[in-house]
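J.: Sequence first, predicted coordinates after that:
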Amino acid sequence: MEREPLPPTPPSLYLVMLLQYAVGGAFLPFVTLFLKDQGLDYERLSWIHLTSAAVASTVPFFWGWAADRWVRLDLLIAFLHFAGGTALLFFASQSSFAGLLGTYALVFVFYPPTNALIAALAYHHLAAPERQFARLRLWGSVGWMLPLAPIFAWQVMRDSAVGLDLTFTVRLAAVLELLAGVSALALPRTQPSSRTAVRGAPGPSYRSALGALLRRPGFAVLLAVVFLLHSSFAALFHYSPPLLEASGCARKWVGPIQCIGVAVEVPFHLALPWVIRRFGHYGTIALGCATLVTRQIIYASPAPLWLLAASYVLAGACVAFYITAASISINALAERSVRATAQTLYALVGSGLGQMFGHEAFGWIASHSAWGLQGGFAFAAATGALGLLLLTLALRGRGHFEKPPPLAAVTGERPIVGRS
């Protein structure tokens, strides 16, 4: 078998993926510290994160439904970025608990759903998603690191004994998101999937395709795993910076330390197609789960600062082998006509309901228990371990997860007739 060349990935997809994650890299690593600087304790801070996760548990499904049924996906992504950039500017200007709560929730109406929608659009236009998507997604990792250099330089220049004002990071994110909106206007035109034909033949209706997806063996269990793993990942993502600072890390180094995990995502994403081909969807996701649990155990223990920083390598492995691999797996389970809905279901259960649970539990433990932040990470390790156990008991060797996918399904390779 020889590998036939695949159609090139549209350049606009690379640019939007780069800017998509540059927005998050500009403010999400610092948002918990930004909220703390406004005088919020962990209980009120967790309520802000909980509310944003509640928004993320409802809104994405609406956007996915609209993209699959009514609205051109490329135009929807552009609109959401323009609205999200405006919401970030409002968020940056707030200082009261109510103002921060309301505007941050508004940010989550528009920005996070674009992650699922850009993935859905990419799956529509990639000839072999399991071979090509990981390489496209690594541009997101590069984008995440892009704003950290100017943020670090700004922090060094503004460093003082009274600390650093992080409002700059939110305003930078707003500018980047407005640029992402402009760039999204160049994305390939993507009509609602349920209104288009696939290869000249009409596909199943939206309702029947969605019903088939929900009944597909392993899909419901995978969503339950996603719920547990994302509740654990919420601790890694939002509460690691305060623990680093509490462990003696200067604030200006928080961003560069997080870059360790993002930088290693690049080789991990390059390796992802081979890992899926070698170990299958179950083995790849299980590897990502195991790295997340290990990383949470380190943060739950009295580890030295160098180990806390180095363990971001495990965070990068989790992003590639769990978060990206789960997205690819869900796409493989879904019909074309419900791909956007499938990705937003993933966001609804994971970034929405899962993180709601994680924030509520972590905020309570950090505020009311003697173990503080480390107790929250111990709980995150336990929920991650439960997700890995459920994955192993319910999905290993079953259905879509029975064995590694055929070579052609992963790489897009087809046999060349007449050649040995």
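T.: Received, thanks. As the structure is a computational prediction, the values presented were derived from the model and not from experiment.

J.: Strands of this protein, residue ranges please.
T.: For the chain, applying DSSP state E gives strands covering 197-198, 201-202.

J.: Mean confidence (pLDDT) on the first one, please.
T.: Model confidence over strand 197-198 averages 43 on the pLDDT scale.

J.: Could you do stretch 116-128 as well?
T.: Per-residue pLDDT over stretch 116-128 has a mean of 82.

J.: got the buried residues for it?
T.: Applying a neighbour-count criterion of 16 or more other C-beta atoms under 10 Å, one finds 116, 117, 118, 119, 120, 121, 122, 123, 124, 125, 126, 128 buried in stretch 116-128. C-beta coordinates here come from the backbone N, C-alpha and C atoms, glycine included.

J.: List the contacts of the fourth one.
T.: Think residue 119. Residue 119 is in contact with 133, 327, 331, 343, counting by C-beta atoms under 8 Å, 6 or more residues apart in numbering.

J.: wait, doesn't the second one sit right on residue 344?
T.: No - taking contact to mean C-beta atoms under 8 Å, the distance of 11.2 Å between residue 327 and residue 344 leaves them out of contact.

J.: So those two - more neighbours on which side?
T.: residue 344 (30 against 25; other C-beta atoms under 10 Å).

J.: Excluding chain neighbours, what is closest to that one?
T.: Among residues not flanking residue 344 along the chain, residue 64 sits closest, at 3.0 Å (C-beta to C-beta, 6 or more residues apart in numbering).

J.: The one you found contacts residue 114, correct?
T.: No - assessed by C-beta under 8 Å, residue 64 is found out of contact with residue 114, at 11.3 Å.

J.: Mutual contacts of the two, please.
T.: Joint contacts of residue 64 and residue 114 (C-beta under 8 Å, 6+ apart) do not exist.

J.: Distance check, the residue lying closest to residue 312 once chain neighbours are set aside against residue 148.
T.: Among residues not flanking residue 312 along the chain, residue 261 sits closest, at 3.5 Å (C-beta to C-beta, 6+ apart). Using C-beta to C-beta, to the nearest Å, we find residue 261 at a distance of 12 Å from residue 148.

J.: Near residue 303, how many other residues are there?
T.: When neighbours are counted by other C-beta under 10 Å, residue 303 registers 17.

J.: how much space between the closest residue to it other than its chain neighbours and residue 299?
T.: The spatially closest residue to residue 303, leaving aside those adjacent along the chain, is residue 311, at 7.7 Å (C-beta to C-beta, 6+ apart). Distance from residue 311 to residue 299, counting by C-beta to C-beta: 7 Å.

J.: So, low pLDDT: which residues of the protein?
T.: Along the chain, segments meeting pLDDT under 70 span 1-7, 158-164, 193-206, 397, 399-400, 402-420.

J.: Can you get me the start-to-end distance on stretch 54-72?
T.: 26 Å (C-alpha to C-alpha, to the nearest Å).

J.: in it, what's buried?
T.: Buried, per 16+ other C-beta under 10 Å, within stretch 54-72: 54-57, 59-61, 63-69, 71-72.

J.: Sort out which one of those residues lies nearest residue 241 for me.
T.: Nearest to residue 241 among these, counting by C-beta to C-beta, is residue 56 at 19.9 Å.

J.: Burial check on the residue nearest to that closest one when sequence neighbours are not counted, number of neighbours?
T.: Spatially, and ignoring its direct neighbours in sequence, residue 56 is nearest to residue 352 (4.1 Å; C-beta to C-beta, 6+ apart). By other C-beta under 10 Å, 27 other residues sit near residue 352.

J.: Residue 352 and residue 370: what is the separation?
T.: Using C-beta to C-beta, one gets 31 Å for the distance from residue 352 to residue 370.

J.: Then residue 262?
T.: When distance is defined by C-beta to C-beta, residue 262 is 33 Å away from residue 370.

J.: which one of those two has more residues nearby?
T.: Shown here are residue 262 and residue 370; by other C-beta under 10 Å, residue 262 has more neighbours (23 against 7).

J.: Can you get me a residue count around the residue nearest to residue 398 when sequence neighbours are not counted?
T.: With C-beta to C-beta, 6+ apart as the criterion, residue 398 has its nearest non-adjacent residue at 6.0 Å, and that residue is residue 218. Residue 218: 20 surrounding residues under other C-beta under 10 Å.

J.: With residue 189 instead?
T.: Residue 189 has 8 nearby residues by other C-beta under 10 Å.

J.: Now do the contacts for it.
T.: Here residue 189 is in contact with 72, 74 (C-beta under 8 Å, 6+ apart).

J.: re earlier: closest to residue 12 out of the buried residues of stretch 54-72?
T.: The nearest member of the buried residues of stretch 54-72 to residue 12, counting by C-beta to C-beta, is residue 72 at 14.2 Å.

J.: and the gap between the closest one and residue 107?
T.: Look at residue 72 and residue 107: by C-beta to C-beta, they are 24 Å apart.

J.: cool, and residue 401?
T.: 35 Å.

J.: can you pull out the helices in the stretch 301-420 of the chain?
T.: 305-310, 312-318, 325-333, 339-347, 355-368, 372-395, 407-411 (DSSP state H, counting those that start in this stretch).

J.: want to throw those helices into a markdown table with distance to residue 86?
T.: Below are those laid out as a markdown table (distance: least, C-beta to C-beta, whole Å):
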| stretch | distance to residue 86 |
| --- | --- |
| helix 305-310 | 35 |
| helix 312-318 | 31 |
| helix 325-333 | 27 |
| helix 339-347 | 21 |
| helix 355-368 | 24 |
| helix 372-395 | 33 |
| helix 407-411 | 40 |
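
J.: mind checking the backbone torsions on residue 371?
T.: Note on residue 371: backbone dihedrals following degrees, to the nearest 10 are phi -90, psi -10.

J.: Burial check on it, number of neighbours?
T.: Around residue 371 there are 13 residues (other C-beta under 10 Å).

J.: Could you do residue 247 as well?
T.: Neighbours of residue 247 using other C-beta under 10 Å come to 16.

J.: so it makes contact with residue 308?
T.: Yes - if you go by C-beta under 8 Å, residue 247 and residue 308 touch, sitting 6.0 Å apart.
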